[in-house]
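[1] The following comprises the amino acid sequence and a computationally predicted model.
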Amino acid sequence: MNKHDKDVADAIIRQNFMAFVIKFFSIMNPGAVFQENWHHRAIAHELMQCEQSFELSRLIVNLPPQHGKSELISVLYVAWLLGRDPTLNILCVSYGEPIADRFASLTLLVIQSDEYKRIFPDTKLVKIALSELVTSKGGRRMARSVHGPITGHPADVIIVDDPHKIDSSLTNAEIEKTNRWADETLAPRLTMPSKGKIICVQQRTRLNDLTGHYMSKPNEPWHQLKLPLVATEDEVIPTGPNETYHRKKGEILHPAWRGPKDVLIAKQNPRIFASQYQQDPMPEGGVILKPEQIGSYTEFRRHHNYEHIFLGIDGASSLAEHASYSAIVAVGIRESKFYALDARRGHVELPELRKMALKFYEDFGPSHILIEDAASGIGLHQMLRPQFDNQGVYSVPPQGSKEQRLYEVQHLFIENRVLFPHKSLETKDMSTLRQELLTAPHGKTDDLMDAFVLILRSVIKYAAHNRLPISYLHHKVPGHFWTKHK
């Protein structure tokens, strides 16, 4: 390679993280051969988006063990960032000190290499310690363990790598302690909270682990790249600008690295396979619904394509951060099947809940609005009835436990009569609704599920009461039915 070609290659490495990975993987792992796969490009693409985009400041990457997530993110990505900007302060956190030190030593190996010094001549280390690598421009890579001392160490980028111990003895109390530490101690280390980046890379452990905790925050812009060992459905995954990978249902993530025999071994423990390998943790107890019982549709059908559209609303009683959410769900009915159209939840006061309801009404034109007769739902019903001339807005008294209500509509799922948008089309709240259904009655939240089940339960009870198929519902169901038969 002549000097011109080498200069061009070096420029590409400085600009493109995947090119950097290909160049420096063997330096990080002497003697190892990098078996490049599409999932490496998908991770690299998300990391570059995170670095370059103001909108993407919170990123979660979930994939199975031994697939290169830590080497790419906690080692190579950090080295690439410091090469591009040696003034950055990067805080890297792992569960234990030994693993934190290991990632720091691998990063040092890359930065101290002749190739790195040639490509990034402005990045020079003036302090070398596993706990802290400091550049001559004031930037640094700080290595800490979860719950370790981090006060006094501001950061532009925070990387949290497998924050929970991967052990069957892990308790919910330990998980909640780590989640609180991440919120109350770690996140405030960002120099500029609105511009700083937080990246959580993790193999899942429990539903309420740090990934689950972050994804449950409705007002934080978390973006998740979830790559199970075995694909559970067809997916289109971005791998670069204007580049995608079409992954088929049943496809193994990196078959040249972990093949069918490895999958069979991993499946010997269903709970570990679901969480650590499929990134879909099971609840601690039993579950009522199974993932395959929720169908999917890809074409978004506008309201005129449905025989009926219902809104279900479950109002909360408190605005406290850890209180229940107010939730609204829109469901379309067509040929006796229930299509989940949209969902939204939030800690909102009654006037804002009214605005949410009116926005859903404007978007979907429902024939019926069902409001649970409890908490803020009582006031909402009183506000909306006059606005709609007392037509189509009904208050439904709750009866029985949440678990009992879900069991009453379980047959609809078993009969494949409940459909959600394909996962690639789901909003964050629609994804939460799916998760609530699949983890009930042991899930962390259930507000969207309550609003959804309110519709299913009310409709099938009306059909049964009148001995009619669901498809023969009258356009306007008499209001007295909802109050007498719920």
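    Great, that's in hand. Numbers count the residues shown, from 1 in each chain.
[2] in terms of contact, does residue 431 touch residue 423 like I think?
    Yes: between residue 431 and residue 423 there is a contact under CB atoms under 8 Å: 7.4 Å. From N, CA and C alone the C-beta is placed, and that goes for glycine too.
[3] Going by residue numbers, what spans are helices in the stretch 301-450 of the chain?
    350-364, 376-387, 402-414, 428-439, 447-465 (DSSP state H, counting those that start in this stretch).
[4] Convert the C-alpha atoms of the longest one to PDB, please.
    Taking Å, rounded to 0.1, in the frame of the first residue of the first chain, the C-alpha atoms of helix 447-465 are listed here in PDB:
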ATOM      1  CA  ASP A 447     -51.700   0.100  33.400                       C
ATOM      2  CA  LEU A 448     -51.800  -0.200  29.600                       C
ATOM      3  CA  MET A 449     -52.800  -3.800  30.000                       C
ATOM      4  CA  ASP A 450     -55.700  -2.700  32.300                       C
ATOM      5  CA  ALA A 451     -57.000  -0.300  29.600                       C
ATOM      6  CA  PHE A 452     -56.600  -3.000  26.900                       C
ATOM      7  CA  VAL A 453     -58.300  -5.700  28.900                       C
ATOM      8  CA  LEU A 454     -61.100  -3.300  29.700                       C
ATOM      9  CA  ILE A 455     -62.000  -3.200  26.000                       C
ATOM     10  CA  LEU A 456     -61.700  -6.900  25.400                       C
ATOM     11  CA  ARG A 457     -63.600  -7.900  28.400                       C
ATOM     12  CA  SER A 458     -66.400  -5.400  27.900                       C
ATOM     13  CA  VAL A 459     -66.900  -6.400  24.200                       C
ATOM     14  CA  ILE A 460     -67.000 -10.100  24.700                       C
ATOM     15  CA  LYS A 461     -69.400  -9.700  27.700                       C
ATOM     16  CA  TYR A 462     -71.700  -7.600  25.500                       C
ATOM     17  CA  ALA A 463     -71.600 -10.200  22.700                       C
ATOM     18  CA  ALA A 464     -72.200 -13.000  25.100                       C
ATOM     19  CA  HIS A 465     -75.000 -11.200  26.800                       C
END
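[5] what's the average pLDDT for it?
    Mean pLDDT, helix 447-465: 86.
[6] Off-centre distance for that helix?
    Centroid separation for helix 447-465 versus its chain: 27 Å, with CA atoms, centre = their mean, to the nearest Å.
[7] ditto for the first one
    Averaged C-alpha coordinates place helix 350-364 at 25 Å from its chain's average position (CA atoms, centre = their mean).
[8] Could I get the average pLDDT for that helix?
    The model assigns helix 350-364 a mean pLDDT of 92.
[9] What are the neighbouring residues in contact with residue 45?
    Applying CB atoms under 8 Å, 6 or more residues apart in numbering to residue 45 gives the contacts 18, 238-241, 243.
[10] For the nearest residue to residue 150 once chain neighbours are set aside, pull up the helix or strand it's in.
    Counting by CB to CB, 6 or more residues apart in numbering, residue 150 lies nearest to residue 144, which is 5.3 Å off, once chain neighbours are set aside. Using DSSP states H and E, the element containing residue 144 is strand 140-145.
[11] Only the buried residues of that strand, if you could.
    140-145 (16 or more other CB atoms under 10 Å).
[12] of those residues, closest to residue 414?
    For these, the minimum distance to residue 414 (CB to CB) is 46.4 Å, reached by residue 145.
[13] Might you report the residue contacts of that closest one?
    Residue 145 makes contacts with 93-97, 100, as judged by CB under 8 Å, 6+ apart.
[14] Emit the ChimeraX select command for whichever of those are buried.
    Per 16+ other CB under 10 Å, the buried members of those correspond to this ChimeraX selection:
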select :93,94,95,100
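[15] The contacts of residue 145 in helices, which ones?
    Among the contacts of residue 145, DSSP state H puts 97, 100 in helices.
[16] Quick check: of the contacts of residue 145, which lies closest to residue 327?
    For those, the nearest to residue 327 is residue 93 (33.3 Å; CB to CB).
[17] quick one, domains of this protein?
    Domains of the chain are assigned by automatic domain parsing as 3-277, 291-484.
[18] want to try TSV for these, with distance to residue 283 as columns?
    As requested, the domains of the chain are exported to TSV (distance: least, CB to CB, whole Å):
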stretch	distance to residue 283
domain 3-277	6
domain 291-484	4
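[19] Among those, show the one with the smallest mean pLDDT.
    Of all those, the minimum mean pLDDT falls on domain 291-484 (a mean of 82).
[20] Determine how far that one lies from the middle of the whole chain.
    22 Å.
[21] Show me how far the following helix or strand past the strand holding residue 144 is from its chain's centre.
    Where DSSP H and E defines the elements, the next helix or strand beyond strand 140-145 is strand 157-161. On the basis of CA atoms, centre = their mean, strand 157-161 sits 17 Å off its chain's mean C-alpha point.
[22] now what about the next helix or strand along the chain from strand 157-161, what contacts it?
    Sequence order places helix 172-181 as the next helix or strand after strand 157-161, per DSSP H and E. Helix 172-181 has contacts (CB under 8 Å, 6+ apart) with 146-147, 163-165, 205-206, 208-210, 213.
[23] Can I get helix 172-181 in CSV? Just the C-alpha atoms.
    This file holds the C-alpha atoms of helix 172-181, laid out as CSV (Å, rounded to 0.1, in the frame of the first residue of the first chain):
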residue,chain,number,x,y,z
ASN,A,172,-34.6,-8.3,43.5
ALA,A,173,-33.3,-6.2,46.4
GLU,A,174,-29.8,-6.1,44.7
ILE,A,175,-31.3,-5.2,41.4
GLU,A,176,-33.3,-2.4,42.8
LYS,A,177,-30.2,-1.1,44.7
THR,A,178,-28.2,-1.0,41.4
ASN,A,179,-31.1,0.7,39.6
ARG,A,180,-31.3,3.4,42.3
TRP,A,181,-27.5,3.8,42.2
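[24] Tell me the helix or strand right after it.
    Immediately after helix 172-181, counting by DSSP H and E, sits strand 197-202.
[25] And whichever helix or strand comes after that following strand, what does it pack against?
    Next helix or strand after strand 197-202 toward the C-terminus (DSSP H and E): helix 210-215. Contact partners of helix 210-215 among helices and strands, from 3 or more CB pairs under 8 Å, 6 or more residues apart in numbering; DSSP states H and E: strand 58-62, helix 172-181, strand 197-202, strand 222-226.
[26] Need the residues that contact the third one.
    Right, strand 197-202. 47, 50-51, 57-62, 69-70, 73-74, 156-164, 187, 190, 209-211, 214.
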